[in-house]
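just a sequence and a predicted model for now, questions to come.
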Amino acid sequence: MSWIAIRTTSTRWEAEFMQQLLESHGIPSRAISLGASACFLSGQTALQVLPQDKWTAMLLLSPLEEDDTKEENVF
């Protein structure tokens with residue numbers, strides 16, 4: 001089975017949080033610690049998904065778009 005990295009975080013808990021979000025939508029994922037800090041559960045962590053889930057996962061983890069139209073409050 002081939003996995004691809006879609007995001008790298010500076011802390012492991014961020015990757016695990018995103019992993020839970022993906023799994024709640026039925027997307028299998030895994031968090032892989034990078035570097036020597038892996039034994040301390042800190043440091044850079046790569047979030048990986050299966051190739052067929054790449055675009056769906058990236059969409060779920062993308063920031064929300066802001067509405068460009070601003071309405072004035074009239075009281």
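Yep, that arrived.

the longest helix in the protein is where?
Using DSSP state H, we find that the single longest helix of the chain is helix 12-24.

alpha carbons of that helix, in PDB - could you do that?
Taking C-alpha atoms only, helix 12-24 is exported to PDB below (Å, rounded to 0.1, in the frame of the first residue of the first chain):
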ATOM      1  CA  ARG A  12       2.600  15.800  16.400                       C
ATOM      2  CA  TRP A  13      -0.700  16.800  18.100                       C
ATOM      3  CA  GLU A  14      -1.600  18.900  15.100                       C
ATOM      4  CA  ALA A  15      -1.100  16.000  12.800                       C
ATOM      5  CA  GLU A  16      -3.100  13.700  15.100                       C
ATOM      6  CA  PHE A  17      -5.900  16.300  15.200                       C
ATOM      7  CA  MET A  18      -6.100  16.400  11.400                       C
ATOM      8  CA  GLN A  19      -5.900  12.600  11.300                       C
ATOM      9  CA  GLN A  20      -9.000  12.400  13.500                       C
ATOM     10  CA  LEU A  21     -10.800  14.800  11.200                       C
ATOM     11  CA  LEU A  22     -10.000  12.700   8.100                       C
ATOM     12  CA  GLU A  23     -10.900   9.500   9.800                       C
ATOM     13  CA  SER A  24     -14.300  10.900  10.800                       C
END
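
go through the helix or strand following it and flag the buried ones.
Note on helix 12-24: by DSSP states H and E, the next helix or strand toward the C-terminus is strand 29-33. Going by neighbour count (16 or more other C-beta atoms under 10 Å), the buried part of strand 29-33 is Ser29, Ala31, Ser33. Every C-beta, even on glycine, is put in place using the N, C-alpha and C of the backbone.

could you give the angle of strand 29-33 to helix 12-24?
170 degrees (axes from the mean of the first three to the mean of the last three C-alpha atoms, to 10 degrees).

so what touches strand 29-33?
3, 5, 12, 15-16, 18-19, 22-23, 41, 43-49, 53, 57 (C-beta atoms under 8 Å, 6 or more residues apart in numbering).

if anything else comes up later, I'll come back, but that's it for now.
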